[in-house]
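*Asks:* please find the sequence and the predicted model below.
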Amino acid sequence: MIEPVRAAVRPRVRLQPSGEVVLLEDVVAEHLAAGDVRILLLSGEVGAGTMIAIQHLAERFTGEARLQLEMSAAGNESPREDPPARILIHKLVAHATAPVCYRLEGWGRDEWIEYLLSVHHDRCASVMQRIQSDTEVAHLDGNPSLWRHVLDELVANDDVTTVRAALRRVIQRMFPDRDTRLSVGWRAFLSMAPTVEPDEPQRSRHSSAESLLSPEQVQVSKPFVLLLLAADAVAIELAIGDVHKTFRRQWPKRLVEEVGRGVAESLPVQKKLLALIEPRHRELHPLGASLLHACGIGWRPETSRLFGLRTGWLNLKAASLPNAEWPGIHLSRCDLESASFAGANLAKANLHGANALHANFDDANLDCAVLSRLNAYSASFIGANLTLAYGRKVELERANLSFADLTEAELIRSDLRSANLSEAIFRRACLDKTTFHNAVIDGADFTEADLDGANLLGLDLTVACFTQASFVSAYMRACNLEGMELPNANFAGADLSNALLTGSIIANASFYGANLQEAGLAEIDWEFADLRYANLRGVSFHMGSTRDGLVGSTIPMHGSRTGFYTDDYNEQDFKAPEEIRKANLRGADLRGADITDVDFYLVDLRDALYDAEQEQHFRRCGAILESKGE
């Protein structure tokens, strides 16, 4: 028999596929009004309150003969789920369609207020004022049972100002026996921190923390509660037990943070941890360093000792060191693989030869850092400050440097293949002989950057800014520079073969000795460009293929002058060159350039510099060498 009881917070469910959250009673009322023959299945996580929901429906629909409410038999439910319930509408279940499943929603701000107004009306404002800006409310995962306990604790004690403090009181009240509390915490630790010893068997499910809990304790034993219990148990073990016993496990990041909180004022534990940062305990360094950092005592490795001993002895592999204040730290040749330095201050740090494979430097300050021979393959530097950083042969393949600031940085002979450089800043950076093949450069700023000898193979340069950048001897085969404006750019000795430069505006630029074979140069505006000794074989100044293709010939300039080409050429008598030209090389210096078989038809070469042999070639092609009437 279901006892009718109005819920303090009306149960809610989420409709599919719309995702709209509605009152459960409204869903039932709608089915009743429509005369539906339905079975509604109601479920929820432990503490969601399926029983409360059914009791609420019993109160809401008292006397409704068409409605039958049922709870599942005890013992059938999952230990992580509330007992499921069935709602039978019209009770003609033999003719009902397939059951409709609903899952109870968790509590958010609206539900907290509804609960407080219903149960503790006069205390609502006081409680909400204390928790509305609390960033740790998310740790409760919206669990109704846990929130009821926490809100009641906040109501009862004005000196409790945070959700964490209230939750700590709830834990003390729900687990009054210290031994039980520590046993549950230790089992929770074993469950969330798997062993790193391959021969040690993992705990089976029957020995999990939940097996020690009473039904009332199960209702509040959500992941964050078990995390706090585990942290308490581990902190005590560190204080009075064997440190190695706990360190030979893989701790989740949140556990490291919580244990660090717990031992922040324990000098004996901190001394134990400091003793682990020795060369002979290298395998214990990552966790020891992470815990010392989480204590919030400002710990950092002793630079003098790092210099005094052989470099690279410190092992920070997978260490959690967010927001560390380590300016000037010496980590040369240290193992930083998969370590987290997010938000850390590593200004002027020495990372020479360090292994930072997959490491996280998001939002870190690496201003003036030494990065030579750093292996940061697939590492993340999102939003990091790398201004004035210096490094040769830095491995950054597949690294994520989006939104990073590398102003005036020096990354010489480095590897940025397939790296994400979107929105990164490389203003005045020195990137000599660095490889960018397959890099993502959308929105990046290379203003005044030195890309001399860089490998930019196949990149679309139009998506980034290269104003006043230098490309001396750069490898730019098949790059896309269509429509780009790069006045005074320096491409001397660069390989631009097969590059697309259609419509580009590159006045006063240097292409001295550059390789432009097979490049697309239609409609370019390169006034006064220096093309001395450039290789122009196979370039096209016309949209599409050579115009001689119209007469079935692949030999440039071979065939008739009929068609629109002849019309354009003849229009020189009454149109300005600017109106009919196919490309603008006015004032360019072509002396020594290889123009073998290149078609310069209607290319504007007025005021250009060239030798006598080149002039004959230009005239045969129909280039514009002077304005009519000159």
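*Replies:* In hand now; what should we look at?

*Asks:* shouldn't S378 be within a helix?
*Replies:* No - secondary structure of S378 (DSSP: H, G, I helix; E, B strand; the rest coil): coil, not part of a helix.

*Asks:* spatially nearest residue to it, not counting backbone neighbours?
*Replies:* The spatially closest residue to S378, leaving aside those adjacent along the chain, is R398, at 4.4 Å (C-beta to C-beta, 6 or more residues apart in numbering). No exception for glycine: its C-beta is placed from N, CA and C like everyone else's.

*Asks:* show me what the longest helix along the chain is packed against.
*Replies:* Ranked by residue count and defined by DSSP state H, the top helix of the chain is helix 223-240. Judged by 3 or more C-beta pairs under 8 Å, 6 or more residues apart in numbering; DSSP states H and E, the packing partners of helix 223-240 are helix 163-174, helix 178-192, helix 243-247, helix 253-262, helix 267-276.

*Asks:* turn those helices into JSON lines, columns for mean neighbour count.
*Replies:* Converted to JSON lines, the helices and strands packed on helix 223-240 look like this (neighbours: other C-beta atoms under 10 Å):
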{"stretch": "helix 163-174", "mean neighbour count": "18"}
{"stretch": "helix 178-192", "mean neighbour count": "19"}
{"stretch": "helix 243-247", "mean neighbour count": "17"}
{"stretch": "helix 253-262", "mean neighbour count": "20"}
{"stretch": "helix 267-276", "mean neighbour count": "16"}
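
*Asks:* which residues of the stretch 501-630 of the chain fall in strands?
*Replies:* 583-584, 603-604 (DSSP state E, counting those that start in this stretch).

*Asks:* need the ones you listed in a markdown table with mean neighbour count, can you?
*Replies:* Putting these into a markdown table (neighbours: other C-beta under 10 Å) gives the following:
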| stretch | mean neighbour count |
| --- | --- |
| strand 583-584 | 24 |
| strand 603-604 | 26 |
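
*Asks:* thinking again about what came up before, residues touching the residue nearest to S378, list them.
*Replies:* 377-378, 417-419 (C-beta atoms under 8 Å, 6 or more residues apart in numbering).

*Asks:* look up how far Y102 lies from I2.
*Replies:* In this view, I2 and Y102 are 17 Å apart by C-beta to C-beta, to the nearest Å.

*Asks:* no wait, Q250
*Replies:* Taking C-beta to C-beta, one finds Q250 at 38 Å from Y102.

*Asks:* out of the two, which sits in the busier spot?
*Replies:* Y102 (24 against 12; other C-beta atoms under 10 Å).

*Asks:* quick check: that one touching I39?
*Replies:* No - Y102 is beyond contact range of I39, at 11.2 Å (criterion: C-beta atoms under 8 Å).

*Asks:* returning to that earlier point: would you list the strands of the stretch 501-630 of the chain in a markdown table and tack on distance to D152 and mean pLDDT?
*Replies:* Formatted as a markdown table, the strands of the stretch 501-630 of the chain follow (distance: least, C-beta to C-beta, whole Å; pLDDT from 0 to 100):
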| stretch | distance to D152 | mean pLDDT |
| --- | --- | --- |
| strand 583-584 | 80 | 95 |
| strand 603-604 | 85 | 95 |
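
*Asks:* make TSV from those and add distance to L321 to it.
*Replies:* Output for those, formatted as TSV (distance: least, C-beta to C-beta, whole Å):
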stretch	distance to L321
strand 583-584	57
strand 603-604	61
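
*Asks:* ok, which of those comes nearest W326?
*Replies:* For those, the distance to W326 is smallest for strand 583-584, at 55.4 Å, taking C-beta to C-beta.

*Asks:* chain center to the closest one, what's the gap?
*Replies:* Counting by C-alpha atoms, centre = their mean, to the nearest Å, strand 583-584 is centred 44 Å from the centre of its parent chain.

*Asks:* try stretch 493-509
*Replies:* Mean-position distance between stretch 493-509 and its chain equals 34 Å (C-alpha atoms, centre = their mean).

*Asks:* now do stretch 460-474
*Replies:* On C-alpha atoms, centre = their mean, the centre of stretch 460-474 falls 26 Å from that of its chain.
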